[in-house]
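1. With the sequence up front, the predicted model follows.
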Amino acid sequence: MVLCPVIGKLQHKHVVLASASPRRQEILSNAGLRFEVVPSRFKEKLRKASFATPYAYAMETAKQKALEVASRMHQKDLRAPDVVIGADTIVVVGAVILEKPVDKQDAYRMLSRLNGKEHSVFTGVAIVHCCSKDGRLDTEVSEFYEETTVKFSELSEELLWEYINSGEPMDKAGGYGIQAQGGMLVEYVHGDFLNVVGFPLNHFCKELARLYYPPRPEDLHRVRHASIPAVDTFENLSDMEAGGSDPGQSAEGGRGGQQADGDRSQAPGAPDAALNGADGRPPLPAGLLELMDGFKASKVLFTACKLKLFDMLKDQGPLKAVDIARKLNACAGGTEWLLDVCVALGLLEKTHRGYSNTEVATLHLASDGEHSLQGLAEYNDAHVWGVFTRLGPAVQEGADQTRGALGVMEEEGHLSQSREMTLQFMRAMHSLSKLTAHHVATAFDLSRFTSACDLGGCTGILARELAQEYPRLQVTVFDLPEVTELSGGFQRGGRQTERIRFVPGDFFKDNLPEADLYVLSRILQDWPDDKLHKLLSRISSSCKPGGGLLVAEAAAEEKERASRRPRLRALSAGQPRSPDEHRWLLQRHGFQDVRVARAGDLLHVVLGTRAVP
Ligand SMILES: O=c1[nH]cc([C@@H]2O[C@H](COP(=O)(O)OP(=O)(O)OP(=O)(O)O)[C@@H](O)[C@H]2O)c(=O)[nH]1
């Protein structure tokens, strides 16, 4: 059976899988693909440091594996197969790339690195189309990669060795097989499971769809496939190839209702498949209606946070509406409305005993939790909300476009306004940094540095994470005096606090504290080019040769730049820069060996070493 019709496109072609991996063979034959297996002899010895990203390395290795097989087969028979597929799977933890262990000790080293942590698994895939012309081999290569995040539980030495002695780790990237006993080591997986096993089947089908069903230019505005198009969509597209009816209509009505920009939410205009009337009336624009109401939902969330509703229910819930109203000193009717909307939004639960928080509300909306986003909600309500009400006039009148249509940084100008505003800003940054600090601190191995200075480090969340991760590191948080003065209120005790100090100052004016490593986390995006160059040049002058600069910014690879969150933020904070732009900025300011890594879902991190001037 061929469920995915695009696989059927390869049915009559001579397809070769250039891989000895039994897992890849199984995944592809389970999908209905018929192919010959010719393991590649390409030695996986490319210089990792010469690649900008780990996935670039995996894609190049996959390509070389496939090309080696294509040219060997061509040389032998003077005939090449039609298609050769190559793949390479790697595990990335911090800045380190792990492949297959060479022996048990190596497997132990790998598994110890992964123990208790999150890591990324990348599989690079190359699809090589071959053609022999006048005895010469012509190839056309399409390549892509898929990333999956995997977290290991905390595992005992005993368990690690037991697993290693089972023999399973030896032919597996990172030293574990998630599909077998290695699955027991894993706490969670985010992304495509088969990608971890060795072949991202879903992305492969999308890539085939892209190659075999390119949309006609006139259909581009209508057919937007982020997912593998539904079977009926393909059939219509095939009809189109054969000169059939207009596929655009049915493609829109099919299951492919996701946006091409990578956002998983339904496209605003995309119809709900079940409501797509056959009577010629337009389908209900459910996504659009949801967008129209989006601001109301935000305001409900902000109001409930401001009233400290989630704090009250965390400590005292479940409570009846009248009791909540009494405690809030609010009107009973109004309170009940608010509570019921919170239930509808998935923030509260309602039973015969009254209202209580959902798990997500207790975790992220109560003010004292480790993962609380209260500060962000409060800041968005008090400030960003107002900024966005000026969007219309700002678009018309054309504010300073370098900072986005609104011409203001969300964070700009408030620090000097009032102590309360500064605190609100700090609470928002504190909330956000808690989500990302660990990823930033561990994106690269920073153990060679003994002192770090986090410029604009605000409440010291990242400093704390750095100190925790690197026991030799002394960390300075350098921020404006009005910020450092208030930062004490955010500190928790702990041994690593002894290695953190707060120094007041302005990074545009004052001498920067001495350090081996300078850190800029979510700072560069807030400044226009002239200021940014000024700041980088000041850091470059203070940084000794061999010292480092670590920059963390909103993830902004091409596909992400187009997606919803960064786009909305860009309205008030300017367009995020891509990893390549950051690499170039660091190089321009005297940093070499610049490397880029992902830090969780939200950020990318760039690390450069100061060259001898
Ligand atoms: O959870 C799992 N993770 C990884 C694997 C298997 O690991 C290897 C990865 O190695 P590589 O990409 O170099 O592929 P090879 O096996 O050497 O085959 P090639 O001939 O294609 O180079 C891969 O086999 C994964 O399947 C796993 O099984 N589980």
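-> That came through fine.
2. Just after the helix or strand hosting Phe144, pick out the following helix or strand.
-> Applying DSSP states H and E as the criterion places Phe144 in strand 136-152. Beyond strand 136-152 on the C-terminal side, the first helix or strand identified by DSSP H and E is helix 157-165.
3. Could you check the angle the very next helix or strand once past that next one makes with strand 136-152?
-> Helices and strands here follow DSSP H and E; after helix 157-165, the next one along the chain is strand 186-190. Going by axes from the mean of the first three to the mean of the last three Cα atoms, to 10 degrees, strand 186-190 is angled at 130 degrees with respect to strand 136-152.
4. which strands and helices sit next to strand 186-190?
-> Using 3 or more Cβ pairs under 8 Å, 6 or more residues apart in numbering; DSSP states H and E, the elements in contact with strand 186-190 are strand 136-152. For glycine as for every other residue, the C-beta is placed from the backbone atoms N, C-alpha and C.
5. Now the strand it packs on: buried residues?
-> By neighbour count, with 16 or more other Cβ atoms under 10 Å as the criterion, the buried positions of strand 136-152 are 137, 139, 141, 143-150, 152.
6. can I get the CA coordinates of the strand holding Phe144 in PDB?
-> What follows is strand 136-152, C-alpha atoms only, in PDB (Å, rounded to 0.1, in the frame of the first residue of the first chain):
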ATOM      1  CA  ARG A 136      29.000  11.500 -17.900                       C
ATOM      2  CA  LEU A 137      27.100  11.600 -14.600                       C
ATOM      3  CA  ASP A 138      24.900  14.600 -14.000                       C
ATOM      4  CA  THR A 139      23.400  15.100 -10.500                       C
ATOM      5  CA  GLU A 140      20.900  17.400  -9.000                       C
ATOM      6  CA  VAL A 141      20.900  17.500  -5.200                       C
ATOM      7  CA  SER A 142      18.100  18.500  -2.900                       C
ATOM      8  CA  GLU A 143      19.000  18.500   0.800                       C
ATOM      9  CA  PHE A 144      17.300  19.300   4.000                       C
ATOM     10  CA  TYR A 145      17.500  18.600   7.700                       C
ATOM     11  CA  GLU A 146      15.200  17.900  10.600                       C
ATOM     12  CA  GLU A 147      15.800  18.700  14.300                       C
ATOM     13  CA  THR A 148      14.300  16.900  17.200                       C
ATOM     14  CA  THR A 149      14.800  17.700  20.900                       C
ATOM     15  CA  VAL A 150      15.300  14.800  23.300                       C
ATOM     16  CA  LYS A 151      15.700  14.900  27.100                       C
ATOM     17  CA  PHE A 152      17.400  12.200  29.100                       C
END
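7. Give the rounded mean pLDDT of it.
-> Here the mean pLDDT over strand 136-152 is 94, rounded to a whole number.
8. does that strand come close to the ligand?
-> No. Shown here: strand 136-152 not in contact with the ligand (Cβ under 6 Å from any ligand atom), separated by at least 8.2 Å.
9. So what are the sheet partners of that strand and their directions?
-> strand 118-133 (antiparallel), strand 186-190 (antiparallel) (DSSP bridges).
10. buried residues in the last one?
-> Neighbour counts over strand 186-190 (16+ other Cβ under 10 Å) mark Val189 as buried.
11. now what about it, what contacts it?
-> For strand 186-190, contacts defined as Cβ atoms under 8 Å, 6 or more residues apart in numbering pick out 148-153, 178, 196.
12. Show me which pair in those residues is furthest apart.
-> Considering Cβ to Cβ, no two members of these lie farther apart than Thr148 and Ser153, which are separated by 17.0 Å.
13. How far off centre is stretch 133-142?
-> Mean-position distance between stretch 133-142 and its chain equals 36 Å (Cα atoms, centre = their mean, to the nearest Å).
14. which residues of the stretch 451-600 of the chain fall in helices?
-> Chain-ordered helices for the stretch 451-600 of the chain, with DSSP state H, counting those that start in this stretch as the definition, fall at 461-469, 481-487, 529-542, 558-561, 564-573, 579-588.
15. if we can go back for a sec, who wins for proximity to the ligand among the strands paired with strand 136-152?
-> Put simply, out of the strands paired with strand 136-152 the one that sits nearest the ligand is strand 118-133, at 6.8 Å, with distance taken as Cβ to the nearest ligand atom.
16. for the record, mean pLDDT for the helix or strand in which Val84 is found?
-> Secondary structure from DSSP H and E places Val84 in strand 83-93. For strand 83-93, the per-residue pLDDT values average out at 97.
17. Now the residue in the chain positioned nearest to the ligand. Its backbone dihedrals?
-> Per Cβ to the nearest ligand atom, the residue of the chain with the smallest distance to the ligand is Gly198, at 2.6 Å. Backbone torsions for Gly198, taken as degrees, to the nearest 10, come to phi 140, psi -10.
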